[in-house]
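> my questions are about this predicted structure, shown below with the sequence.
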Amino acid sequence: GGIITQTPKFLIGQEGQKLTLKCQQNFNHDTMYWYRQDSGKGLRLIYYSITENDLQKGDLSEGYDASREKKSSFSLTVTSAQKNEMAVFLCASRGDRDTEVFFGKGTRLTVV
Amino acid sequence: GDSVTQTEGQVTVSESKSLIINCTYSATSIGYPNLFWYVRYPGEGLQLLLKVITAGQKGSSRGFEATYNKEATSFHLQKASVQESDSAVYYCALDGSWQLIFGSGTQLTVMP
């Protein structure tokens, strides 16, 4: 089996700061995702990538950038952290389109 | 667009009692989407509980069942007799165009 590793597990930043979250997968999956999870809400898609160097915006992409320089890694940058975006960020990956999506354990972002 | 609705944010059930968690969906971009239940146990990452890809079929796992009802556009999760270890957050999801679309989640607490 494989694993998705997200770093860091906890991230504390100041308002207005640029912050980067990292994700690595060893499934050799083509597609990777970044979701944001707010308390009491579902997971909302920020960005996804169907192959190396591909980037597709989700519904929540404003205020974020993403990078997929290698097949195994997908990073997310919060361009200017705001207090109202404190949430858990989940990275995920899948192989073929109809297969299971696997998730990392998340990065919890706190903005002070 | 596509959407998933879970009406109960929190459910509390006594051990050995039956459970139903409601899920309805709207799929405009894809006629018959694959449907999923994901679960997050305390301290763990989000993981697949069960999936059904054919309308009218039932999926099952760990004593949980869900039937894909395309007429009612529903995919309710049921269990005949819950255990304390079932306490977790449950998410209904559909496979849209390249992404999973999630409901807001239901926190299940099983009382001893």
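Okay, I see it. Numbers count the residues shown, from 1 in each chain, chains lettered A, B, ... in the order given.
> backbone phi and psi for B:E84, please?
Phi and psi for B:E84, reported as degrees, to the nearest 10, are phi -60, psi -40.
> any idea how far it is from chain A?
22 Å (CB to the nearest CB, to the nearest Å). Backbone N, C-alpha and C define where each C-beta goes, glycine included.
> for that residue, which non-adjacent residue is spatially closest?
Sequence neighbours aside, B:V110 is the residue nearest to B:E84 in space, at 4.9 Å (criterion: CB to CB, 6 or more residues apart in numbering or on different chains).
> is it true that B:K51 touches B:P33?
No - between B:K51 and B:P33 there is no contact under CB atoms under 8 Å: 10.8 Å.
> which one of these two has more residues nearby?
For B:K51 versus B:P33, neighbours defined as other CB atoms under 10 Å in any protein chain shown are more numerous around B:P33 (24 against 21).
> any idea what the residue nearest to that one when sequence neighbours are not counted is bridged to?
Leaving aside its chain neighbours, B:P33 sits nearest to B:L94 (4.2 Å; criterion: CB to CB, 6+ apart). Here B:L94 sits in beta bridges with B:L35, B:I101, going by DSSP bridges.
> strands of chain A, residue ranges please.
Assigned by DSSP state E, the strands in chain A fall at A:4-7, A:10-13, A:19-25, A:31-37, A:43-49, A:56-57, A:64-70, A:73-78, A:87-94, A:102-103, A:107-111.
> only the buried residues of the second one, if you could.
The reference is to strand A:10-13. By neighbour count on 16 or more other CB atoms under 10 Å in any protein chain shown, the buried set for strand A:10-13 is A:L11.
> just want the most central residue of chain A.
Chain A has A:W34 as the residue nearest its centroid, 2.9 Å off, counting by CA atoms, centre = their mean.
> next, count neighbours for B:E15.
14.
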